[in-house]
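Trainee: Kindly generate the corresponding structure for this input.
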Amino acid sequence: MLVLTRKEDESIMIGDNIEIKVLELRENQVKIGIEAPRSIPVHRKEVYLSIKAENEEASRVETPKDIPVFQPPKGESKNGSTH
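Mentor: Residues are numbered from 1 along each chain as shown. Okay, here's the model as predicted:
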C-alpha cells in the first residue's frame, strides 16, 4: 500500500484522469473529492462490498427447471395465427 501525506487543498493523481483532493480536515474526518471519468465506478468501500455481495448472490441463483415453456404446434405462430 502506498501511503501519502496531504494537506487541505492538496491532491493525489492516479494516472492521467483521476484526481483525489483533500477538501476539508476535521477532528476525526477527512472530506475528499474525487474526479474520475464516468466510466470508472467510484463507491465508498462498504457500498462496493454490498454491491459485490449482491452480484455474487444473483449469480448463484438457479433458474427453475420445472417451469413449462410454451412451444406452439408446428405451422402455428406464438400468437395463434398460421401466417
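Trainee: For the protein, just list every one of the helices.
Mentor: Using DSSP state H, the helices of the chain run over 45-60.
Trainee: how many neighbours does the closest residue in space to residue 36 that isn't next to it in sequence have?
Mentor: Distance criterion Cβ to Cβ, 6 or more residues apart in numbering; nearest residue to residue 36, sequence neighbours excluded, is residue 18 at 4.6 Å. The way it works is simple: take the backbone N, C-alpha and C, and place the C-beta from them, glycine included. Counted with other Cβ atoms under 10 Å, residues neighbouring residue 18 total 14.
Trainee: now the strands: where do they sit in the protein?
Mentor: 11-14, 18-25, 30-35 (DSSP state E).
Trainee: Note down every partner strand of the shortest one and its orientation.
Mentor: Pairing partners of strand 11-14, with direction, according to DSSP bridges: strand 18-25 (antiparallel).
Trainee: Pull out the CA atoms of the partner strand and give them to me as CSV.
Mentor: Written as CSV, here are the backbone C-alpha positions of strand 18-25 (Å, rounded to 0.1, in the frame of the first residue of the first chain):
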residue,chain,number,x,y,z
ILE,A,18,-8.3,10.5,-11.7
GLU,A,19,-7.7,13.2,-9.0
ILE,A,20,-8.3,12.7,-5.3
LYS,A,21,-8.3,16.0,-3.4
VAL,A,22,-8.4,16.7,0.3
LEU,A,23,-11.2,19.2,0.7
GLU,A,24,-11.6,19.6,4.4
LEU,A,25,-10.0,18.3,7.6
